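Trainee: okay, sequence plus prediction incoming.
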Amino acid sequence: GNSVTQMEGPVTLSEEAFLTINCTYTATGYPSLFWYVQYPGEGLQLLLKATKADDKGSNKGFEATYRKETTSFHLEKGSVQVSDSAVYFCALITGGTSYGKLTFGQGTILTVHP
Amino acid sequence: NAGVTQTPKFQVLKTGQSMTLQCAQDMNHEYMSWYRQDPGMGLRLIHYSVGAGITDQGEVPNGYNVSRSTTEDFPLRLLSAAPSQTSVYFCASSQGGGRDTQYFGPGTRLTVL
């Protein structure tokens, strides 16, 4: 089956620090990979995605590269802001019998201090 | 476009009560789904629908019913609430399912006493 593993949280950083949140996956078939973000009190928003190996998704200064050889999709940002404080979810989707079904990691809480 | 809307935002039930969580989307999306979010477990799929009149079970369907009579609406019914159903519930939709990007509603926080 499909599964996603994210690094243990919570993660606490100072403003302008470098961020990495690790994500690895196992999948039957060829997955598309996503990062979703959940700000306090809100639903999930798509942050970025990648659909094939070596693709780099990017948005709002965040980046993640689809690494098929290491089955990873790590999220990075060069300089975090207080407004980036949120919960980040790595997720994947495959075709076939898993049609349309997102598989999520457990989420990583990020807190950024001024 | 309102996107995906959910009502109510908060709900408290007693064990054994029933209720319906409402979900609607105005993007003419064919695919809709329900997830529950529990601490340390990410989101897990409850039920999904690939179009009006078609529904199927996800990973954790027990205790929940769904129906899809229109493209816009996808209500989730709890027949006899249990404390184990205390969770945050999210509805999502996408254009055609498959690998299409899914858009999430704001969630319903349910507490069962």
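Mentor: Done, it's in.
Trainee: tell me where the model's unsure across chain A.
Mentor: A:96-98 (pLDDT under 70).
Trainee: what's across from the residue nearest the centre of chain B in the sheet?
Mentor: Geometric centre of chain B, nearest residue: residue B:34, 3.0 Å, by Cα atoms, centre = their mean. Here residue B:34 sits in beta bridges with residue B:47, residue B:91, going by DSSP bridges.
Trainee: just checking, it touches residue B:20?
Mentor: No: counting by Cβ atoms under 8 Å, residue B:34 stays clear of residue B:20, with 11.7 Å between them. To be clear about C-beta, it is placed using only N, CA and C from the backbone, and glycine gets the same treatment.
Trainee: okay, and the common contacts of those two?
Mentor: residue B:76 (Cβ atoms under 8 Å, 6 or more residues apart in numbering or on different chains).
Trainee: do you have the strands of the chain handy? List them.
Mentor: You didn't say which chain, so I picked chain A. Here chain A has its strands, by DSSP state E, at A:3-6, A:11-14, A:19-21, A:23-26, A:32-38, A:44-50, A:56-59, A:62-65, A:75-77, A:86-93, A:103-104, A:108-113.
Trainee: my bad, the chain I had in mind was chain B
Mentor: According to DSSP E, the strands that chain B contains are B:4-7, B:10-13, B:19-25, B:31-37, B:43-51, B:54-57, B:64-66, B:76-78, B:87-94, B:103-104, B:108-112.
Trainee: okay, the ones you listed in a markdown table with mean pLDDT next?
Mentor: Below are these laid out as a markdown table (pLDDT from 0 to 100):
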| stretch | mean pLDDT |
| --- | --- |
| strand B:4-7 | 95 |
| strand B:10-13 | 96 |
| strand B:19-25 | 97 |
| strand B:31-37 | 95 |
| strand B:43-51 | 93 |
| strand B:54-57 | 93 |
| strand B:64-66 | 97 |
| strand B:76-78 | 97 |
| strand B:87-94 | 95 |
| strand B:103-104 | 92 |
| strand B:108-112 | 96 |
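Trainee: deepest of these, which one?
Mentor: strand B:31-37 (a mean of 25; mean count of other Cβ atoms under 10 Å in any protein chain shown).
Trainee: how far off centre is that strand?
Mentor: Put simply, strand B:31-37 sits 5 Å off its chain's centre (Cα atoms, centre = their mean, to the nearest Å).
Trainee: and that strand, what other elements does it pack with?
Mentor: Counting by 3 or more Cβ pairs under 8 Å, 6 or more residues apart in numbering or on different chains; DSSP states H and E, the packing neighbours recorded for strand B:31-37 are strand B:19-25, strand B:43-51, strand B:87-94.
Trainee: relative to strand B:31-37, how tilted is the last one?
Mentor: Computed by axes from the mean of the first three to the mean of the last three Cα atoms, to 10 degrees, the angle separating strand B:87-94 from strand B:31-37 equals 160 degrees.
Trainee: now for strand B:87-94, which elements pack on it?
Mentor: strand B:4-7, strand B:19-25, strand B:31-37, strand B:103-104, strand B:108-112.
Trainee: let me see the contact set for the nearest residue to residue B:2 once chain neighbours are set aside.
Mentor: Nearest residue to residue B:2 in three dimensions, chain neighbours excluded: residue B:26, at 5.4 Å (Cβ to Cβ, 6 or more residues apart in numbering or on different chains). Listed by Cβ under 8 Å, 6+ apart, the contact partners of residue B:26 are B:1-3, B:72.
Trainee: buried subset of those residues?
Mentor: residue B:72 (16 or more other Cβ atoms under 10 Å in any protein chain shown).
Trainee: hmm, back to that, just put the strands of chain A in JSON lines and tack on distance to residue B:52 and mean neighbour count.
Mentor: Below are the strands of chain A laid out as JSON lines (distance: least, Cβ to Cβ, whole Å; neighbours: other Cβ atoms under 10 Å in any protein chain shown):
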{"stretch": "strand A:3-6", "distance to residue B:52": "31", "mean neighbour count": "18"}
{"stretch": "strand A:11-14", "distance to residue B:52": "42", "mean neighbour count": "14"}
{"stretch": "strand A:19-21", "distance to residue B:52": "38", "mean neighbour count": "17"}
{"stretch": "strand A:23-26", "distance to residue B:52": "32", "mean neighbour count": "18"}
{"stretch": "strand A:32-38", "distance to residue B:52": "25", "mean neighbour count": "24"}
{"stretch": "strand A:44-50", "distance to residue B:52": "24", "mean neighbour count": "20"}
{"stretch": "strand A:56-59", "distance to residue B:52": "32", "mean neighbour count": "14"}
{"stretch": "strand A:62-65", "distance to residue B:52": "35", "mean neighbour count": "20"}
{"stretch": "strand A:75-77", "distance to residue B:52": "36", "mean neighbour count": "20"}
{"stretch": "strand A:86-93", "distance to residue B:52": "22", "mean neighbour count": "25"}
{"stretch": "strand A:103-104", "distance to residue B:52": "26", "mean neighbour count": "22"}
{"stretch": "strand A:108-113", "distance to residue B:52": "37", "mean neighbour count": "16"}
